[in-house]
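**Q** sharing a model that was predicted from the sequence below.
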Amino acid sequence: MSVVGKPKRLAKKVARRMLERAGIDPSALRVRHEPVPAEPTHRYANGLSSELPLSAAELWKRHTSMPLVVIVYGGVGAGHDAWFRELRAEFPVHFLVPAASAESLSVPAEWFTPCGFVQDAARTRLEPVLRWVHQHWRRCDLLFVDADQSLPRAQDLLRLQHAAHAYDVDDETGIVTPGHRVDGGFHAGFDYDRRRGAFVSVGGAAPDYGQDSMPRFVLTALAHGTLVRADAVDRVLRPSSDGELATTLDEDISLFVGRAWHQGVRTLSYPTVVLARHDLPVPPVTPWHTAWLTDRRVTNAEGARRIIFVLNATSISGGIRVVFEEAEGLAVRGFDVEIWSLQGQPDWTDLAIPVTTFRSYFDMLVALRKEEAIKVATWWETQQVVWLASVTTGIPVSFAQEFEAWFYPTQPVSRAAVASSARREFDTLTTGSYQAAELGALGIDSTIVPVGYDPRLFFPLDRVERKEGTLLAVGRSFFQKNFRLTAEAWRSLGDDRPELVLFGYEPDILVDERVNYEMRPSHRRVNELYNEASAFVLTSLHEGFGLPLIEAMAAGCPVITTDSHGNRDFCVDGVNCIVVPSDDPQPLAEAITRLLGDQELRARLSAAGLRTAEDYAWPVVLDRIAEYYAGVA
């Protein structure tokens, strides 16, 4: 359900009438400008965007801007005259001020209306403000300003108003709130911490990926600096019972934001605009909030728990394969499971569950928010879709196989986008302690359940003999796989280099008379390769888990690996594998020579690997995953 588009054809007429009523010639505000060059905005396929360019805001102001009513509460006095004049010089603005402050202002009386219901932050209430605006200045956007805090400048107001009207592709954003700086710390909005049942401030986390600079949708807000679109004021219903729950304007605004979400009106925290504050009151979680945010149905008519896995793609990938395994395993365990994706049924594996396909994330979102289910984001781009689709229906889960900022080592905006997409509203499931620590640094609690392997596919084959002097590796050029290290170490062995068997779908990755590339082998053939090789090597810079390592161990193949973070929970150097540095080919070359030349070492690592793999078989892991989702429900 989208917010009704603002009446653009009436905007200029309303602004002109407003100015004329205030005794101002509208032509006095007409300024001639040279064309403003466009600036780049990073907008992702899921609708997430970086800040909107100031140049775009200025163009929007010239042609489409809406008039404003600014509600100024708190200690308004003569010291605010210059600010009143600054805003009036740039915008068609009318001010509501406390009745007691009227005589202290020296600006023209037609600029403002003194009101008894506008007082300080504790005594100003939202309902009479909205009622008055509807009576006298309808079709105007509203801005709430606490005169006892730092004041938004004209450019701040422009950016807030432009974001309210232009940020959202689906035009559902109706409320925008700025970032705040308090005692040197930065506040980029509030998350609802699902595990603690409380609102918590977002901002200032370390490491800093730039996430605090990214706009983010929020479920609550403070009054100071908050801008509300005129059509949002028209649409949002606010039952009188809310008045019994709120005791301050901040709490009024928090409840208004919640009601807005139920009417299809989004609230955006826009930290491009930053206002200083003396303090940061955290909105309380009222019984109304608790009922809204925690009382969710996620079962079908027969009482089975529903789960919808949301993917960006179904193409060949270890992470996507894990999602398919979990989906099928949960279906066997009595869950009602669906898979939704931007791509159709995969052709590289037999998937028993049909894939529901959408042309875009926006189409998917509209359908998904109607579903009463546990909705599982499986990639960072799907997190915003799942989050938005779960604001009023279902339970959002983030399945973080890895912290995807690793995919963008040279793209700071994308790293910021990944970090900002991790939210406390999700119940977060991850696959290892390393990812849990990365998420924990951002304030995200998570449950760890590892990835599993299929013991029906990967196991020792008595009929297959290991080929002495044969090295096996995954042949992929993706930078995280760091195949360059494997190739350099292997080449450095010269005439003593062993036969190198590679598998994957990039046969030209390494051309040599001693290289044999297996193109897209079946699971059965991969297991044979694990059973034939003297050793398996994987030199990734980073892995969320490192599934090929556990598959090789399950087949009894000795393993050489790097510390790729996600494998720390099950790879122990000298016990069940050999761990080498990820940036030096010499130690890897030495490890290959040592392992291939020491049959006793290979036997010891093989036996230990088999014992390790027992704890990671899918039947064992899937029981834990089913227990996790039952707990979420």
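**A** Okay, I see it.

**Q** from Trp292, how far out is the residue nearest to the spatial centre of the chain?
**A** Per Cα atoms, centre = their mean, the C-alpha nearest to the average position across the chain is that of Ser421, at 1.5 Å. Ser421 sits 22 Å away from Trp292, going by Cβ to Cβ, to the nearest Å. Where C-beta positions appear, they are placed from N, C-alpha and C, glycine not excepted.

**Q** over to Ser606?
**A** 55 Å.

**Q** check Leu351 too.
**A** When Leu351 is compared with Trp292 (using Cβ to Cβ), they lie 36 Å apart.

**Q** and Phe217, by the same measure?
**A** 15 Å.

**Q** those two - which one has more neighbours?
**A** Phe217 (22 against 19; other Cβ atoms under 10 Å).

**Q** what distance do you get for that one to Gly225?
**A** Counting by Cβ to Cβ, the gap from Phe217 to Gly225 is 17 Å.

**Q** same thing with Val376?
**A** Counting by Cβ to Cβ, the gap from Val376 to Gly225 is 35 Å.

**Q** all helices of the stretch 451-600 of the chain, in order?
**A** 483-492, 523-532, 547-554, 585-596, 599-613 (DSSP state H, counting those that start in this stretch).

**Q** of these, which is nearest Gly116?
**A** helix 547-554 (67.4 Å; Cβ to Cβ).

**Q** now for that closest one, which elements pack on it?
**A** helix 318-332, helix 523-532, strand 535-538, strand 559-562, helix 599-613 (3 or more Cβ pairs under 8 Å, 6 or more residues apart in numbering; DSSP states H and E).

**Q** do you know which of the ones you listed lies nearest Arg85?
**A** Using Cβ to Cβ, the helices and strands packed on helix 547-554 put helix 318-332 closest to Arg85, at 57.1 Å.

**Q** strand partners (parallel or antiparallel) of the helix or strand just after that closest one?
**A** Scanning forward in sequence from helix 318-332 by DSSP states H and E, the next helix or strand is strand 336-341. If you go by DSSP bridges, strand 336-341 pairs up with strand 306-311 (parallel), strand 355-357 (parallel).

**Q** enumerate every residue touching the nearest residue to the residue nearest to the centre of the chain once chain neighbours are set aside.
**A** Excluding the flanking residues, the one nearest Ser421 by Cβ to Cβ, 6 or more residues apart in numbering is Gln383, at 4.2 Å. By Cβ atoms under 8 Å, 6 or more residues apart in numbering, the contact set of Gln383 is Ala377, Ser398, Ser421, Ala422, Arg423, Phe426.

**Q** distance from the strand or helix carrying Gln383 to the middle of the chain?
**A** Gln383 belongs to helix 380-389 when assigned by DSSP H and E. Distance, stretch centre to chain centre, for helix 380-389: 7 Å (Cα atoms, centre = their mean, to the nearest Å).

**Q** what angle do that helix and strand 336-341 make?
**A** 120 degrees (axes from the mean of the first three to the mean of the last three Cα atoms, to 10 degrees).

**Q** downstream of helix 380-389, the next helix or strand is which one?
**A** strand 395-400.

**Q** buried ones in that following strand, by neighbour count?
**A** Ile395, Pro396, Val397, Ser398, Phe399, Ala400 (16 or more other Cβ atoms under 10 Å).

**Q** what does that strand contact?
**A** Looking at what lies outside strand 395-400 - Cβ under 8 Å, 6+ apart - the contacts are 296, 298, 309, 323, 373-378, 383, 386-387, 389-390, 422-423, 425-431, 435, 439, 446, 544, 629, 632-633.

**Q** how much space separates the residue of the chain positioned farthest from its centre from Arg514?
**A** Ranking residues of the chain by C-alpha distance from their mean position (Cα atoms, centre = their mean) puts Asp495 at the top, at 50.1 Å. According to Cβ to Cβ, Asp495 stands 10 Å off from Arg514.

**Q** quick one: strands adjacent to the longest strand seen in the chain?
**A** Using DSSP state E to define each element, the chain has its longest strand at strand 266-277. Within its sheet, strand 266-277 is paired with strand 173-182 (parallel), strand 216-217 (antiparallel), according to DSSP bridges.

**Q** what's next to stretch 163-171, contact-wise?
**A** Contacts for stretch 163-171 (Cβ under 8 Å, 6+ apart): 2-3, 5-6, 43, 47, 49, 52, 56-57, 60, 64, 66, 141, 173-176, 215, 227-229, 266, 268, 270, 272, 362.

**Q** determine the three-state secondary structure at the closest residue to Thr357 other than its chain neighbours.
**A** Counting by Cβ to Cβ, 6+ apart, Gly344 is the residue found nearest to Thr357 once chain neighbours are left out, at 4.7 Å. Following DSSP: H, G, I helix; E, B strand; the rest coil, Gly344 is assigned to coil.

**Q** got a pLDDT number for Gly344?
**A** Listed pLDDT for Gly344 reads 97.

**Q** surely it and Ser315 touch.
**A** No: contact between Gly344 and Ser315 fails when scored by Cβ atoms under 8 Å: they sit 10.4 Å apart.

**Q** circling back to that earlier point, and the residue nearest to the centre of the chain, what is it in contact with?
**A** By Cβ under 8 Å, 6+ apart, the neighbours of Ser421 are Leu48, Trp380, Glu381, Gln383, Gln384.

**Q** quick one, what contacts the nearest residue to Asp563 once chain neighbours are set aside?
**A** Leaving aside its sequence neighbours, Asp563 sits nearest to Val579 (Cβ to Cβ, 6+ apart; 5.7 Å). Taking Cβ under 8 Å, 6+ apart as the criterion, Val579 is in contact with Thr561, Thr562, Asp563, Cys571, Asp573.

**Q** so what pairs up with Val579 in the strands?
**A** Beta-bridge partners, per DSSP bridges, of Val579: Thr561.

**Q** quick one, grab the pLDDT at Ala38.
**A** Ala38 is given a pLDDT of 44.

**Q** now the one 5 residues further on
**A** Per-residue pLDDT puts Arg43 at 92.

**Q** now it. Its backbone dihedrals?
**A** phi -120, psi 130 (degrees, to the nearest 10).

**Q** so what's it up against?
**A** Counting by Cβ under 8 Å, 6+ apart, Arg43 has contacts Ser49, Ser50, Val169.

**Q** swap the cut-off to 6 Å and go again
**A** Counting by Cβ atoms under 6 Å, 6 or more residues apart in numbering, Arg43 touches Ser49.

**Q** tell me how far it lies from Pro271.
**A** Distance from Arg43 to Pro271, by Cβ to Cβ: 17 Å.

**Q** just flag the most distant two among the contacts of Val579.
**A** Maximum distance among the contacts of Val579 (Cβ to Cβ): 10.7 Å, for Thr562 and Asp573.

**Q** who's more crowded, these two?
**A** The neighbour comparison of Thr562 against Asp573 (other Cβ under 10 Å) goes to Thr562, with 25 against 11.

**Q** ok so, going back, the longest strand of the chain: what's the following helix or strand?
**A** Following strand 266-277 in sequence, per DSSP H and E, is helix 287-294.

**Q** can I get that following helix in CSV, CA atoms only?
**A** C-alpha atoms of helix 287-294 as CSV (Å, rounded to 0.1, in the frame of the first residue of the first chain):
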residue,chain,number,x,y,z
PRO,A,287,2.3,-2.2,25.5
TRP,A,288,1.1,-1.0,22.1
HIS,A,289,4.6,-1.4,20.7
THR,A,290,5.0,-4.8,22.2
ALA,A,291,1.8,-6.0,20.7
TRP,A,292,2.8,-4.6,17.3
LEU,A,293,6.4,-5.8,17.2
THR,A,294,6.3,-9.2,18.9
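
**Q** I'd assumed Gly432 was in contact with Asp569.
**A** Yes: under the criterion of Cβ atoms under 6 Å, Asp569 makes contact with Gly432 at 5.1 Å.

**Q** who's more crowded, these two?
**A** Shown here are Asp569 and Gly432; by other Cβ under 10 Å, Gly432 has more neighbours (25 against 17).

**Q** which SS class is the nearest residue to Pro346 once chain neighbours are set aside?
**A** Spatially, and ignoring its direct neighbours in sequence, Pro346 is nearest to Thr314 (4.4 Å; Cβ to Cβ, 6+ apart). Assigned state for Thr314: coil (three-state reduction, three-state DSSP).
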